[in-house]
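Participant: Need a 3D model of the sequence below.
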Amino acid sequence: MRRISIVALLLAAVTVTASAQKPAAPKPASEKGAEKAAKKETKKETGEAALRAAATVSEDSARKIALKAVPGSVVKAIEIEKEKGAVIWSVDLAVAGKKGVEEVNIDSRTGKVLAKEHEDEKAEKAEAKEDAKAAKKAPAAKKPAPDKP
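Facilitator: Modelled structure (predicted):
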């Protein structure tokens, strides 16, 4: 009787171990896509945080500088980015009665207007496509070192 109990116990242990080693069920494609998008967004946020940390000109100040550079305009979009080795604020401004946007690039350290140009819809789409291509090629952003007390 004791041998049967021991054999039954061993058999149960082998069964539990074998079932624990089964590979996890594959994730549905929708979950994989959402997971990938979340990782990409986190990477983007980490990179953006590093750029913002490097800037001495705030987003609000860059907004005011751009509005002054293009009187009568309204901010359509603003982003911080690295372009040609410099960290800049890129501000897209809409002007009433004008198609497209006025793009103003502002040095994030000095507040100086580096460039100001009009972009039509075609140029905006081409720039967005170029930015997406550059983002894919860019190396993964390094995580900032934790602050020491």
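Participant: Tell me how far V101 lies from I65.
Facilitator: Noted for V101: a distance of 16 Å to I65, by C-beta to C-beta, to the nearest Å. All C-beta spots, glycine's among them, are computed from the backbone N, C-alpha and C.
Participant: all helices for this protein, in order.
Facilitator: 2-20, 29-54, 59-69, 121-137 (DSSP state H).
Participant: what sits up against the shortest one?
Facilitator: For helix 59-69, the surrounding residues in contact (C-beta atoms under 8 Å, 6 or more residues apart in numbering) are 52, 57, 73, 75, 78, 80, 89, 91, 93, 104, 106, 108, 111, 113, 116.
Participant: Nearest to K137, out of these: which one, please.
Facilitator: I80 (19.0 Å; C-beta to C-beta).
Participant: Could you give the number of residues near the closest one?
Facilitator: Using other C-beta atoms under 10 Å, I80 is surrounded by 21 other residues.
Participant: returning to what we had before: rank the helices of the chain by mean pLDDT and give me the bottom one.
Facilitator: Lowest mean pLDDT of these: helix 2-20, a mean of 61.
Participant: hang on, the earlier thing: using ChimeraX, define a selection of the buried residues within the contacts of helix 59-69.
Facilitator: Applied in ChimeraX, the following selects the buried portion of these according to 16 or more other C-beta atoms under 10 Å:
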select :57,73,75,78,80,89,91,93,104,106,108,111,113
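Participant: from the contacts of helix 59-69, which ones fall inside strands?
Facilitator: If you go by DSSP state E, the contacts of helix 59-69 have S73, V75, I78, I80, W89, V91, L93, V104, I106, V113, K116 in strands.
Participant: Output these in a markdown table; the columns should cover pLDDT and distance to A134.
Facilitator: Below are those laid out as a markdown table (pLDDT from 0 to 100; distance: C-beta to C-beta, whole Å):
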| residue | pLDDT | distance to A134 |
| --- | --- | --- |
| S73 | 95 | 27 |
| V75 | 96 | 23 |
| I78 | 96 | 19 |
| I80 | 95 | 15 |
| W89 | 96 | 17 |
| V91 | 97 | 19 |
| L93 | 96 | 23 |
| V104 | 97 | 20 |
| I106 | 97 | 20 |
| V113 | 97 | 23 |
| K116 | 96 | 22 |
